[in-house]
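Participant: no sequence on hand, only this structure:
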């Protein structure tokens, strides 16, 4: 097993079994749900923004370990960062999983690259990132951002 694949497996299992930022979020300003109709996986993502900074991220996931792990990794990467950086990361994940030639520089998303070897699992990994894009494009009724 290659080092990259072993790292991928270890990190995905760690995040899947002990997800970070799982649960509810008090006073979210943005929220979205993404569902994979093929397998039934579902991720609900809640954000609290202060201007252009993502102050807090929480998610609830029902489905496979990969969807949960990817949600956990998303939370670690975007909480405390800017909205523009979060959008950039979501774009990079989409390109990684869908472009015939993946982006060359993945930075902290490099851990997700081995999933390209498992086409049936790509949607599981992208699910929370789709929810992120939708959440950033939405605003909860009556919430102040």
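Facilitator: Great, that's in hand. For clarity, every value in this text was computed on a predicted model and none was experimentally measured.
Participant: for residue 128, give its distance to residue 122.
Facilitator: Using CB to CB, to the nearest Å, we find residue 128 at a distance of 13 Å from residue 122. Quick note: C-beta positions are derived from backbone N, CA and C, even for glycine.
Participant: who has more neighbours out of these two?
Facilitator: Just comparing residue 128 and residue 122: by other CB atoms under 10 Å the higher neighbour count belongs to residue 128, 29 against 16.
Participant: got a list of what the more buried one touches?
Facilitator: The contact partners of residue 128, by CB atoms under 8 Å, 6 or more residues apart in numbering, come to 34, 43, 45, 59, 61, 67, 70-71, 74.
Participant: redo those as CSV? Include distance to residue 87 and secondary structure.
Facilitator: Formatted as CSV, those follow (distance: CB to CB, whole Å; DSSP: H, G, I helix; E, B strand; the rest coil):
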residue, distance to residue 87, secondary structure
34, 15, strand
43, 17, strand
45, 14, strand
59, 17, strand
61, 21, strand
67, 20, helix
70, 17, helix
71, 17, helix
74, 12, helix
